[in-house]
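*Asks:* take a look and give me a structure for this.
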Amino acid sequence: MTSVGGPAAQPGPGIGSAAPEQPVPPYPGADPAAPPYPYPPAYQVAEPDRFTRFVTRLYDRAPRWAVPLAALGCVAAGVAYALVSDPTRSAPDAAPSCLLKLTTGLDCPGCGGTRALWYALHGDLPAAARHHFLFVFALPFLAYLFVAWAGRQAFGWRLPQLELSPKVLGGFLALWLAFSVARNLPWAPFVALYV
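*Replies:* Next up is the predicted model:
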């Protein structure tokens, strides 16, 4: 039995004791005598391949109106497709082209958008809204955003920017989700939204 006045306890490697100085390698396999800094990079930057270098050079040398012109070409191709295909004249028993509608019979969030675009291009906004109300609602905003962006990129225009907060975007997406669910409900008045 030890007395109260026995030998003093030796400090162990616990709290309050100083650990012996030993060199710690900065990463596995490193020389323990090497200084701990600098650490190796977390990732290695890969050299771009030939195609990436070509695209980067092409982008750097392209005039500033080239990207808006390419985007306008994509929009024009979509508009041309809607005009040429005339989605309003499909046969009543034709198989739908929408994969979700083909497999489940349900209208997807975008169903009716091509028909709405066709009617909007022909100036029939009530029919366009009947096929996809939210598309018709969003169309002027999308057109303005595109014109403001393309004008700034190509010509340096400083049109007022639409400030869409996350709450506005979240509200629009929630409304779109509610619209997508409501148009598939099989009772009145929701059956009027079915396309």
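
*Asks:* where does pLDDT dip in the protein?
*Replies:* For the chain, the stretches flagged by pLDDT under 70 are 1-43, 91-93, 95-96.

*Asks:* kindly list the longest helix within it.
*Replies:* Ordering each helix of the chain by length in residues (DSSP state H) puts helix 133-155 first.

*Asks:* what's that one in contact with?
*Replies:* For helix 133-155, contacts defined as C-beta atoms under 8 Å, 6 or more residues apart in numbering pick out 64-65, 67-69, 71-72, 75, 112-113, 116-117, 120, 125, 128-129, 157-162, 172, 175-176, 179. For every residue, glycine as well, the C-beta is placed using N, CA and C.

*Asks:* now the next helix-or-strand element following that helix and helix 133-155, what's the angle there?
*Replies:* Following helix 133-155 in sequence order, the next helix or strand is helix 166-182 (DSSP states H and E). Here helix 166-182 runs at 140 degrees with respect to helix 133-155, directions being taken by axes from the mean of the first three to the mean of the last three C-alpha atoms, to 10 degrees.

*Asks:* assign C111 to helix, strand or coil.
*Replies:* Under DSSP: H, G, I helix; E, B strand; the rest coil, the three-state class of C111 is coil.

*Asks:* chain center to the longest helix of the chain, what's the gap?
*Replies:* Between the centre of helix 133-155 and the centre of its chain there are 17 Å (C-alpha atoms, centre = their mean, to the nearest Å).

*Asks:* which residues of the chain fall in helices?
*Replies:* 50-61, 66-85, 99-104, 113-121, 125-131, 133-155, 166-182.

*Asks:* buried residues in the fourth one, which are they?
*Replies:* With burial defined by 16 or more other C-beta atoms under 10 Å, the residues of helix 113-121 counted as buried are G113, T114, R115, A116, L117, W118, Y119, A120.
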